[in-house]
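Asker: build me a model:
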Amino acid sequence: MSSSKAKIIAARVALLLLALLLAWRVLVSGLGEHYARQALLGDDQAVEQALLWNPEQPVALYLKGRALAQTDPEHAEQLLRKAIALNPGNAAPMEALARVLLAKNEIGAADQMIHFAVERMPARKDIRLSAARYWVQRGQLEKAMQNWAAALELDPGLGREIYPTLTRIAESQKLLALFKPLAEAPPPWWDDFFKYLSEHGKKLESVVAVASIRHASKVPLSKVERTLLVERLQQDRQWAEAYLVWINGLNAEERSYLGSVFDGGFELPPANAGFGWYFPENPAWVIRRKHTYGAEGEKALHIYYPGKDTPLTQVYQPLLLSQGRYVMQMRTRVDRLRIHGGLQWVVRCIDDEERLLGKGPLLVGGSDWETQQFTFEVPDDKTCVGQLLRLEAVRADRDEENVEGEVWFDRLSIRKLE
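Answerer: Numbers count the residues shown, from 1 in each chain. Next comes the predicted model:
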């Protein structure tokens, strides 16, 4: 055999061996990644299988290091550092290493490592949540708040997990200042959080305090915030405070309809909030603001009853009247109204609805536009600071009354008598 042929055969053998080696490496790497993926899905045995095929599989090293963090922190640290060196783009081993270092009381190194983790993957919500837990453990709630805020921007659905913690912070007077950076520039999820706080906060003072921090910022309270604050104040029977918050949120047009009865001519759409009109939805009626002959403004209130069982309590508005005697006036029109007892406007104490202060004439049958009135007296009583103006069906012997026909209302007003 000539020397040239021997060289060719040797080269081919070398290439074959190289190809086999590359194929083996690909097989080993592929099986290592396969078992690492299985381990991420919860297969504990797959971690060792992945490392058996590829001792330098970074995900498997990370998972094993994390598992050993409590029982063998020294070995865990070695595994996690190796995982970071093999894949420095993955922040998960850095977060786990930060906890190992913190447990070893290597505070500076631990802080630096959690900082690296967030810096490496700022858009990973799990890393943000882990960083928040880390800073809570370190007692640095300001940094925890930053990471919770970032996690909520990435996934607003995390509010179910984070809002209870933020609510507990809000209920600590010493920690309220932590909300100031968020209040200065409210993030997209802020209204949702404030809704949770106003509905679940144990202390009214906490809800008011957070709202006050927001109010002190350069960004005005949103309509959602103001509405929620008014609702919570009303729920806690703070009627005067609720009224002030509500009235300060009205625009120029809405303020032009202020009076003892707000928008008594029904010119504005119902807000179903604050001290405005509430139009409850029910298949027993259709409530609309419509233009009609005889109305003194552009609109009047029209209620159509199709003849179904009708709840006794209907359209209403909360009031804030001081002690004294009052007269209520209204314009009414009735069209083929069939009802056993009739409809009437009543004024009650809002904190004790059984306490009737006054009631208007019964409406039944048919009539053209006419002006009606009735008088009532608001007592000097802490249990009647707020009142309720409401249209009601006269009670028979049940909680519903079959009503058919139509009624119109316009120019409702209340005037205090000297």
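Asker: am I right that residue 187 falls within a strand?
Answerer: No. Assigned with DSSP: H, G, I helix; E, B strand; the rest coil, residue 187 falls outside any strand and is coil.
Asker: pLDDT score for it?
Answerer: Looking at residue 187, its pLDDT stands at 96.
Asker: low-scoring stretches of the stretch 51-200 of the chain, by residue?
Answerer: 51-56 (pLDDT under 70).
Asker: what about the strands in it?
Answerer: With DSSP state E, counting those that start in this stretch as the definition, the stretch 51-200 of the chain shows no strands.
Asker: leaving out chain neighbours, which residue sits closest to residue 330?
Answerer: Excluding its sequence neighbours, the residue lying closest to residue 330 (Cβ to Cβ, 6 or more residues apart in numbering) is residue 412, at 4.6 Å. C-beta here means a position set from N, CA and C on the backbone, and glycine is covered the same way.
Asker: now the one you found: which helix or strand?
Answerer: strand 400-416 (DSSP states H and E).
Asker: who does that strand pair up with?
Answerer: strand 300-311 (antiparallel), strand 324-338 (antiparallel) (DSSP bridges).
Asker: okay, these in JSON lines with mean neighbour count and distance to residue 114 next?
Answerer: Below are these laid out as JSON lines (neighbours: other Cβ atoms under 10 Å; distance: least, Cβ to Cβ, whole Å):
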{"stretch": "strand 300-311", "mean neighbour count": "18", "distance to residue 114": "57"}
{"stretch": "strand 324-338", "mean neighbour count": "17", "distance to residue 114": "64"}
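Asker: redo those strands as TSV? Include mean pLDDT and distance to residue 92.
Answerer: Shown next, in TSV, are the strands paired with strand 400-416 (pLDDT from 0 to 100; distance: least, Cβ to Cβ, whole Å):
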stretch	mean pLDDT	distance to residue 92
strand 300-311	93	57
strand 324-338	96	68
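Asker: of the ones you listed, give the one that comes closest to residue 364.
Answerer: Each of these was scored for nearness to residue 364 using Cβ to Cβ, and the closest is strand 324-338 (5.5 Å).
Asker: residues in contact with the residue nearest the centre of the chain?
Answerer: The centroid of the chain falls nearest to residue 192 when counting by Cα atoms, centre = their mean (2.5 Å). By Cβ atoms under 8 Å, 6 or more residues apart in numbering, the contact list for residue 192 reads 156, 159, 163.
Asker: again with residue 307
Answerer: By Cβ under 8 Å, 6+ apart, the neighbours of residue 307 are 338, 402, 403, 404.
Asker: ditto for residue 388
Answerer: 316, 317, 318, 319, 347, 348, 349, 350, 353.
Asker: count of residues packed around the first one?
Answerer: Neighbours of residue 316 under the rule other Cβ atoms under 10 Å: 19.
Asker: pretty sure residue 266 sits in a helix.
Answerer: No. Counting by three-state DSSP, residue 266 falls outside a helix, being coil.
Asker: how near is it to residue 251?
Answerer: Distance of residue 266 to residue 251, given as Cβ to Cβ, to the nearest Å: 18 Å.
Asker: more neighbours, these two?
Answerer: Comparing residue 266 with residue 251 by other Cβ under 10 Å, the one with more neighbours is residue 266, at 27 against 7.
Asker: pretty sure that one is touching residue 409, no?
Answerer: Yes. Counting by Cβ atoms under 8 Å, residue 409 is a contact partner of residue 266 at 7.3 Å.
Asker: circling back to that earlier point, among the contacts of residue 388, which ones are in strands?
Answerer: 316, 317, 318, 319, 347, 348, 349, 353 (DSSP state E).
Asker: pull out the buried residues from those residues.
Answerer: 316, 317, 318, 319, 347, 348, 349 (16 or more other Cβ atoms under 10 Å).
Asker: residue contacts, residue 284?
Answerer: 305, 306, 308, 309, 310, 311, 400, 403.
Asker: please report how far the closest residue to residue 364 other than its chain neighbours lies from residue 375.
Answerer: Using Cβ to Cβ, 6+ apart and skipping residues adjacent in sequence, the residue nearest residue 364 is residue 342, 4.1 Å away. Remark: distance between residue 342 and residue 375 (Cβ to Cβ) = 19 Å.
Asker: these two: who's more crowded?
Answerer: Regarding residue 342 and residue 375, a neighbour count based on other Cβ under 10 Å identifies residue 342 as having more, with 17 against 11.
Asker: next one, pLDDT for that one please.
Answerer: At residue 342, pLDDT is 90.
Asker: wait, it touches residue 394, no?
Answerer: Yes. Residue 342 is within contact range of residue 394, at 5.2 Å (criterion: Cβ under 8 Å).
Asker: what do these two both touch?
Answerer: Joint contacts of residue 342 and residue 394 (Cβ under 8 Å, 6+ apart) are residue 362.
Asker: overlap in contacts, residue 266 and residue 409.
Answerer: Common contacts of residue 266 and residue 409 (Cβ under 8 Å, 6+ apart): 300, 301.
Asker: pLDDT weak spots in the stretch 301-418 of the chain?
Answerer: Scanning the stretch 301-418 of the chain for pLDDT under 70 picks out 396-400.
Asker: at 80 instead, please
Answerer: 395-401 (pLDDT under 80).
Asker: residue 257 against residue 263, yeah?
Answerer: Yes. Residue 257 lies in contact with residue 263 (Cβ under 8 Å); the separation is 4.1 Å.
Asker: and residue 369, helix, strand or coil?
Answerer: strand.
Asker: how close does residue 225 sit to residue 351?
Answerer: With Cβ to Cβ as the criterion, residue 225 and residue 351 are 25 Å apart.
Asker: neighbour-wise, which of the two wins?
Answerer: Neighbour totals were compared for residue 225 and residue 351, and residue 225 leads with 22 against 16 (other Cβ under 10 Å).
Asker: burial of the closest residue to the more buried one other than its chain neighbours, as a residue count?
Answerer: Counting by Cβ to Cβ, 6+ apart, residue 225 lies nearest to residue 194, which is 5.3 Å off, once chain neighbours are set aside. Residue 194 is flanked by 25 other residues according to other Cβ under 10 Å.
Asker: distance check, residue 194 against residue 338.
Answerer: 46 Å.
Asker: again with residue 304
Answerer: In terms of Cβ to Cβ, residue 304 sits 13 Å off from residue 338.
Asker: mutual contacts of these two, please.
Answerer: residue 405.
Asker: just to revisit the earlier point, show me the two of the buried ones among the ones in strands among the contacts of residue 388 that sit farthest apart.
Answerer: 317 and 349 (14.4 Å).
Asker: done for today, thanks.
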